[in-house]
Structures are given as C-alpha cells and as structure tokens.
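Asks: using only what follows, build the 3D model:
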Amino acid sequence: MNFDLTTISNDMPDFENHLQARDWFKEQFQDRFSLRNSDVNNGEKVYYYHLIKKPEMYQEYMDSFAKPVKHEITHMETFESYSTVEISEDGSVSLTL
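Replies: Next comes the predicted model:
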C-alpha cells in the first residue's frame, strides 16, 4: 500500500489536540500507524509516529536495530517504507517523507 501524503493532508480534519489527531490516524491506518518517540519542542510536547507504507521492509529496518552488528543502509528504499507524522499537543500535524 502506498500513501499519498498530499491526499492525506487534504483529507484530514482540523484537530483540537494530540489525542484527536492520533485517534484519526489510528482509525485510518490501524496497525500501520506506530508511535516511535516524543520530545518537548519550544515548551510543547511533540509525538513522532511512523506511517508504515511497506510493512515487510519497515520491519526488517526496525529489526536491524536489535542486532549487535553495525547496520549499513545502502539504498533509499528503506526510508521509503515509512513517513514520519509529527503531532503536537495542540493537534498540529506535520507529515514528512
């Protein structure tokens, strides 16, 4: 499944907070929407999710971090297996490749 970020951006409603945005993405993309990290940026908590486009390739990439050997990425396809979704506490959403 390939996701068009422009279409997603155009289709998503305005959100009042992080939970509304998270719930919308979970409803739309189910297990292909995964929380990866969070951080505080300019005093506001920001949540970083992965929107998984190619599950098998993505899983191989994630599994490589559990191995003690040095992992080398030799092609950009690995990064094309997901997009990053940043959601702020106020419901602002940013989509990146």
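Asks: host element of Tyr48?
Replies: Taking DSSP states H and E as the definition, Tyr48 sits inside strand 44-52.
Asks: ignore the last one, Trp24
Replies: Using DSSP H and E, Trp24 maps to helix 18-29.
Asks: neighbouring contacts of the next helix or strand after that helix?
Replies: Once the chain leaves helix 18-29, the next helix or strand it forms, by DSSP H and E, is strand 33-41. Applying CB atoms under 8 Å, 6 or more residues apart in numbering, the contact partners of strand 33-41 are 25-26, 45-52, 84-85, 88. Any C-beta I mention is one placed from the backbone N, CA and C, and that applies to glycine too.
Asks: okay, which residue is most central for this protein?
Replies: In the chain, the residue lying closest to the centroid (CA atoms, centre = their mean) is His50, at 2.0 Å.
Asks: residues contacting Thr6?
Replies: Not one residue lies near Thr6 by CB under 8 Å, 6+ apart.
Asks: beta partners of the nearest residue to the residue nearest to the centre of the chain once chain neighbours are set aside?
Replies: Leaving out its chain neighbours, the residue that sits closest to His50 by CB to CB, 6 or more residues apart in numbering is Tyr82, at 4.4 Å. Per DSSP bridges, the residues bridged to Tyr82 are Ile52.
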